[in-house]
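Asks: Sequence below, structure please.
(6 chains)
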There are 4 protein chains.
Amino acid sequence: MTTDPRVQRTQQRLRQALAELVLQQGYESISIRELAAQAGVGYATFFRHYPSKDALLLDLLQRSIQEMARLLPPGLDADPAEEGRLIFVHAAQHQQLYRILLSGGGALALLEEVQAAAVAEVMRRFGRQTAPAIPLEILAHHLVAATIALIGWWLQHDQPYPPPRMGQIYAELIMRPFLALVGQERG
Amino acid sequence: MTTDPRVQRTQQRLRQALAELVLQQGYESISIRELAAQAGVGYATFFRHYPSKDALLLDLLQRSIQEMARLLPPGLDADPAEEGRLIFVHAAQHQQLYRILLSGGGALALLEEVQAAAVAEVMRRFGRQTAPAIPLEILAHHLVAATIALIGWWLQHDQPYPPPRMGQIYAELIMRPFLALVGQERG
Amino acid sequence: MTTDPRVQRTQQRLRQALAELVLQQGYESISIRELAAQAGVGYATFFRHYPSKDALLLDLLQRSIQEMARLLPPGLDADPAEEGRLIFVHAAQHQQLYRILLSGGGALALLEEVQAAAVAEVMRRFGRQTAPAIPLEILAHHLVAATIALIGWWLQHDQPYPPPRMGQIYAELIMRPFLALVGQERG
Amino acid sequence: MTTDPRVQRTQQRLRQALAELVLQQGYESISIRELAAQAGVGYATFFRHYPSKDALLLDLLQRSIQEMARLLPPGLDADPAEEGRLIFVHAAQHQQLYRILLSGGGALALLEEVQAAAVAEVMRRFGRQTAPAIPLEILAHHLVAATIALIGWWLQHDQPYPPPRMGQIYAELIMRPFLALVGQERG
DNA sequence: TCCTAAGCGAGACGGTACGTCTTGTCTTCCA
DNA sequence: TGGAAGACAAGACGTACCGTCTCGCTTAGGA
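Replies: A predicted model of the protein is given here:
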């Protein structure tokens, strides 16, 4: 592991520059020359740290996700509406990150990774229950996909409802049907 | 409107070439030179017919969707499970098209268009009912997004269940909660 | 063979640009970007016509040499001093070409080619005579190398003597000893 | 003045590495990174000792020439054929050095320097004589250039004749005509 | 004998040239 | 005369090299 402070500083600058440029002009249209200039870094230096623009984006998002995971309060599942409220508060706070993830650009692979991890977590949490009428894998995938879609809709429409309201909607629209089906035995 | 058969032939060749190359190597990595070569057409000729690669893809997909719409039987909404079955039969039959649409490549804008049209249709169909506890726009968006996600999951996992089973799942997992919430008045 | 006038025009521009830049800053320090800019031509276009800077120089010099050969009057060998005068008149007229050839840059391989051709010509012309005391190959090589060296000295010193005087010197210093040794039988 | 043995050792290693690499792959294609690696020396260390690759070559060749000058017996001019023989014996012994000098690479400037020194020496030695019919500068330059060309020819053709024979050729082909012209008064 | 100054390996960095690729326009040629 | 072929400008890409620099470690050679 590198401890050279120059390396840390350069990579930090590149991540920062990417975050700034993504907000200004989207992801695809950014050229590496532009990125390096924005970061105040030599063009060739970019390639000493990242093999491609996607790799830099991946690094940026992974670090954000790790930070996000550290900030997410545990034990969310007691009250679905409260859990939902926290999710939307978080989405509003990390809007930039969510937008990049959901914009379908170079981060698509990462989104799928995150999604798969979430599905696995859901399956782990509800796997002990009696076998449901619908395969658990489908239930979990549906829960995660519907939640992501709801967050995406909310951000793309500029948060038309406050987080508490979105939490209620999440609870009734997504969680309640999910819990009903998870608890149901196969007839 | 052009009636020159050469023009029709050239555009047909380009669409065919795109369909073939997308399956081989995905959408992004195809260059226009490659496309023209595969179609047996001059490089500059491409630009006489389409302003960009995306425009060609749009044309290809729109024609497929129109064809699909012609084949879709009307009056699907009597029985949710039967409606679901027909959806998955259709997805299996037009697998290639669905895969391109759902792969998140250049077709993303088109997918959003299709999705918006579906949302509008759902809202039109259920808009007359009494105001639901959850905004109709959210309900409709959720219905469409969840259906698309379920189709995507099914195709990416190589159709692990037959269409009738998927129709049942669709009915219980998506349609039944949706209908329950649509019919519910705001308390 | 290409007949497209654009191709001819582009190559002509590149040769012209190289000739101009060589005089200004020598050969080695010219970059291909500079060359293309001087020629008023796109950077990548250079590579469509020449694989390298050396190839362009080779083309430029070969064309000049061909033109020179067309202009060289035949039957020079009657009077050595007159032959020498014509050589130096020619060198003065094609000074730029000679300077590039003799500057020892990328044209070195071409100079060796020209030199070898001249040696072969000399051997062909004097080969019929009786075997000399010194191997003919050495005599011919010496004749050519000494002539080239004399031209080089004259140009690098800014032509301190007029061509008729150089012709006399050439006759006495180079040709006379050469003819004496060529005619001499091995003792 | 540096007396640190490490400095001497590093420079010796760099010269040795250059000599080895030149034989393997020529001069131009050697990169400084390669050189440093071959010498077992850090990359930046190269620049602490030489400002460029050419400077290192210059140092290497100058040291060799000095060594050569120490070994050259004085008073060569008594017998032209014997003088010539010694020259070719020396060329054979220091073949590598001569090849680099004559290959027209980065050593070209040095070759010109050596050549100029030799011309000056010749002029000094024969300057006292009565003014010749041909300017002494031209005579001296011719003598030196022809001798160098003869050595070059001999080495490039893998020494097809033994040094004594080359000494005779040198005497008859180069020295005898030179002496005849130097002694000649202007008519 | 110890300590200070220097040589040194390691390698990050800015800068620049390279040769390849792609896009969209524009010109030439041919059927 | 209209479409096919492909030359062209523009510019991004990823690689290589150069020369500078900064960091610690190690080693001289004087105090």
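Asks: What's the separation between residue A:57 and residue A:18?
Replies: To residue A:18, residue A:57 is 6 Å away according to C-beta to C-beta, to the nearest Å. C-beta here means a position set from N, CA and C on the backbone, and glycine is covered the same way.
Asks: just residue A:56 next, same as before
Replies: The value you get for residue A:56 to residue A:18, if C-beta to C-beta is used, is 6 Å.
Asks: Can you name the residues of chain A that neighbour chain B?
Replies: Taking C-beta under 8 Å from any C-beta of the partner chain, the part of chain A that reaches chain B is made up of A:104, A:108, A:133-135, A:138-139, A:141-142, A:145-146, A:149-150, A:153, A:161, A:169, A:172-174, A:176-177, A:181.
Asks: circling back: between residue A:56 and residue A:18, what contacts are shared?
Replies: residue A:35 (C-beta atoms under 8 Å, 6 or more residues apart in numbering or on different chains).
Asks: what about residue A:163, how many neighbours?
Replies: When neighbours are defined as other C-beta atoms under 10 Å in any protein chain shown, residue A:163 has 20 of them.
Asks: Name the nearest residue to it, ignoring sequence neighbours.
Replies: Among residues not flanking residue A:163 along the chain, residue A:88 sits closest, at 3.9 Å (C-beta to C-beta, 6 or more residues apart in numbering or on different chains).
Asks: didn't the one you found look like it was pressed against residue A:166?
Replies: Yes - under the criterion of C-beta atoms under 8 Å, residue A:88 makes contact with residue A:166 at 4.3 Å.
Asks: Neighbour count: these two, which is higher?
Replies: The neighbour count for residue A:88 versus residue A:166, taken as other C-beta under 10 Å, is higher for residue A:166 (26 against 23).
Asks: count of neighbours near residue A:16?
Replies: Residue A:16 has 14 nearby residues by other C-beta under 10 Å.
Asks: quick one: buried residues of the host helix or strand of it?
Replies: Assigned by DSSP states H and E, residue A:16 belongs to helix A:5-25. Buried residues in helix A:5-25, counting neighbours by 16 or more other C-beta atoms under 10 Å in any protein chain shown, are found at A:10, A:11, A:13, A:14, A:15, A:17, A:18, A:19, A:21, A:22.
Asks: Quickly list the domain ranges of chain A.
Replies: Listed by automatic domain parsing, the domain ranges of chain A are A:5-57, A:72-183.
Asks: Pick the most buried one from those.
Replies: Highest mean neighbour count of the domains of chain A: domain A:72-183, a mean of 17 (counted as mean count of other C-beta atoms under 10 Å in any protein chain shown).
Asks: does DNA strand F sit close to it?
Replies: No - Domain A:72-183 lies out of reach of DNA strand F by C-beta under 7 Å from any atom of the strand, never closer than 11.5 Å.
Asks: Give the rounded mean pLDDT of that domain.
Replies: Across domain A:72-183, pLDDT averages out at 88.
Asks: what's the offset of it from the middle of its chain?
Replies: Chain-centre distance of domain A:72-183: 10 Å, with C-alpha atoms, centre = their mean, to the nearest Å.
Asks: Name the nearest residue to residue A:85, ignoring sequence neighbours.
Replies: residue A:167 (3.2 Å).
Asks: what's near enough to touch that neighbour?
Replies: Residue A:167 touches A:80, A:81, A:82, A:83, A:84, A:85, A:86, A:87, A:88, counting by C-beta under 8 Å, 6+ apart.
Asks: tell me the SS of the fourth one?
Replies: I take that to be residue A:83. When classified by DSSP: H, G, I helix; E, B strand; the rest coil, residue A:83 comes out as helix.
Asks: about what we covered before: any residues in contact with both of residue A:88 and residue A:166?
Replies: By C-beta under 8 Å, 6+ apart, the residues touching both residue A:88 and residue A:166 are residue A:154.
Asks: before we move on, the earlier item: which ones among the residues of chain A next to chain B are found in helices?
Replies: Among the residues of chain A next to chain B, the members falling in helices are A:108, A:138-139, A:141-142, A:145-146, A:149-150, A:153, A:169, A:176-177, A:181 (criterion: DSSP state H).
Asks: before we move on, the earlier item: now, the most widely separated pair of the contacts of residue A:167?
Replies: Using C-beta to C-beta, these reach their maximum pairwise distance at A:80 and A:88, which is 12.7 Å.
Asks: what residues are shared contacts of the two?
Replies: Counting by C-beta under 8 Å, 6+ apart, the residues touching both residue A:80 and residue A:88 are A:167, A:170.
Asks: thought residue A:42 was touching residue A:36?
Replies: Yes - counting by C-beta under 8 Å, residue A:42 touches residue A:36, with 6.4 Å between them.
Asks: what touches both of those two?
Replies: Residues within reach of residue A:42 and of residue A:36 at once, by C-beta under 8 Å, 6+ apart: there are none.
Asks: Check which helix or strand residue A:60 maps to.
Replies: Using DSSP H and E, residue A:60 falls in helix A:53-71.
Asks: and that helix, is it in reach of DNA strand F?
Replies: Yes - judged by C-beta under 7 Å from any atom of the strand, helix A:53-71 comes into contact with DNA strand F at residue A:53.
Asks: Next, the buried residues of that helix.
Replies: Those would be A:53, A:54, A:56, A:57, A:58, A:59, A:60, A:61, A:64, A:65, for helix A:53-71 by 16+ other C-beta under 10 Å.
Asks: Identify the residue nearest the last one in space, chain neighbours excluded?
Replies: Just to be clear, that refers to residue A:65. Nearest one to residue A:65, counting by C-beta to C-beta, 6+ apart, is residue A:114 at 6.6 Å.
Asks: would you turn the contacts of residue A:167 into CSV with distance to residue B:30?
Replies: Output for the contacts of residue A:167, formatted as CSV (distance: C-beta to C-beta, whole Å):
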residue, distance to residue B:30
A:80, 45
A:81, 47
A:82, 48
A:83, 43
A:84, 42
A:85, 45
A:86, 43
A:87, 38
A:88, 39
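Asks: just those now: which is nearest residue C:128?
Replies: Distances from residue C:128 to the contacts of residue A:167, taken by C-beta to C-beta, are shortest for residue A:87, at 101.7 Å.
Asks: Okay, and the closest one sits in which element?
Replies: helix A:80-93.
Asks: Ok, residue A:120 next?
Replies: helix A:108-126.
Asks: Quick one: list the elements packing against that helix.
Replies: With contacts defined as 3 or more C-beta pairs under 8 Å, 6 or more residues apart in numbering or on different chains; DSSP states H and E, helix A:108-126 has these neighbours: helix A:53-71, helix A:95-102, helix A:136-156.
Asks: what sits up against that helix?
Replies: Contacts for helix A:108-126 (C-beta under 8 Å, 6+ apart): A:57-58, A:61-62, A:65, A:77, A:101-102, A:136-137, A:139-141, A:143-145, A:148, A:182, B:104.
Asks: How about stretch A:61-74?
Replies: A:15, A:86, A:90, A:94, A:97, A:100, A:101, A:107, A:110, A:114.
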